[in-house]
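>>> From the sequence below, what's the structure:
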Amino acid sequence: MPKLIFVIDDEKNIREIIRSYLEKEGFSVMEFDTAEPALEAFNRYKPDMLVVDIMMPGMSGFELCNEIRKIDNTPIIIVSARDEELDRILGIEMGADHYMMKPFSPRELVARVKAVFRRVDGMNEEKTEVGPECRDLKIYPSQRRIVKVAETGETELPFTAMEYDFLFYMITNKNRAFTRNQLLSTIWDYQYIGDTRAVDDLVKRIRKKLEAADTAFQINTVWGYGYKVTDTAE
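Reported below is the predicted structural model:
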């Protein structure tokens, strides 16, 4: 069954171009010219991804992302004519997997869609594979799941795709410190290099979730440098 992608943009020609390229690659597409009907349809159709514009009549793309993140970790790609650092940071804060500027190459968008799905699907890994662990966190890479381990069992924690990528990389390379630019260029995409506030905001969001889950795991700040995680408290 083809993966379903919601395309939400108030510009009809943009929606049609995106639909055309995605359908050529075998994806199923539903179009929306505003955010409200897309949010209403979300629970009914359970899309595999959303491609969302920021500036639309009524509910903005950021508001839509925020509402989606309250209920689900479905991958989101933001497309926008706004090239402000604050907008890109907000996109990351809302849990977007990519932020693309208009005008953009439809082929690049398709490439990003495929890359996100490859990460989410864990295509060539066994379902039972257990990945790296740190303190009371355990990772299942093929399912892109992070769980808290306790005497009573395992509890899955609700991380977005971008948050998962960060934690997977840090736990895989635990006890090593990384600069913010190293994290941006290694984990995500060249387009974010220089927007080091985006990393800080991402870490803040992850820390809130870790605190809410009462985990022993911590992301340590290396002052004047970046971040690292360790097996023991510092």
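>>> mind showing which ranges of the protein have poor pLDDT?
In the predicted model, the chain carries pLDDT under 70 at residues 82-95, 121-130, 188-195, 233-234.
>>> mind listing the strands for it?
Along the chain, counting by DSSP state E, strands occupy 4-8, 28-32, 49-53, 76-80, 98-101, 133-134, 137-140, 145-150, 153-156, 178-179, 220-222, 226-228.
>>> Save those as CSV, and put in mean neighbour count and distance to Thr172 too.
For glycine as for every other residue, the C-beta is placed from the backbone atoms N, C-alpha and C. As requested, the strands of the chain are exported to CSV (neighbours: other CB atoms under 10 Å; distance: least, CB to CB, whole Å):
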stretch, mean neighbour count, distance to Thr172
strand 4-8, 22, 30
strand 28-32, 18, 34
strand 49-53, 26, 25
strand 76-80, 24, 24
strand 98-101, 21, 22
strand 133-134, 18, 9
strand 137-140, 19, 8
strand 145-150, 18, 12
strand 153-156, 12, 19
strand 178-179, 18, 12
strand 220-222, 13, 16
strand 226-228, 19, 12
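>>> between those strands, which one is nearest to Ser60?
strand 49-53 (8.9 Å; CB to CB).
>>> Pull the residues that contact that closest one.
3-11, 14, 18, 35, 38, 61, 64-65, 68, 74-80, 96, 109, 113, 116-117 (CB atoms under 8 Å, 6 or more residues apart in numbering).
>>> Output the strands of the chain in a markdown table; the columns should cover distance to Ile187.
Converted to a markdown table, those look like this (distance: least, CB to CB, whole Å):
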| stretch | distance to Ile187 |
| --- | --- |
| strand 4-8 | 23 |
| strand 28-32 | 28 |
| strand 49-53 | 19 |
| strand 76-80 | 16 |
| strand 98-101 | 12 |
| strand 133-134 | 16 |
| strand 137-140 | 15 |
| strand 145-150 | 15 |
| strand 153-156 | 21 |
| strand 178-179 | 9 |
| strand 220-222 | 17 |
| strand 226-228 | 12 |
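>>> hang on, Thr221 packs against Tyr227?
Yes: the criterion here is CB atoms under 8 Å, and Thr221 meets it with Tyr227 at 6.1 Å.
>>> Ser80: what's it in contact with?
Asp53, Ile54, Met55, Gly61, Asp87, Gly91, Tyr99, Met100, Met101, Lys102.
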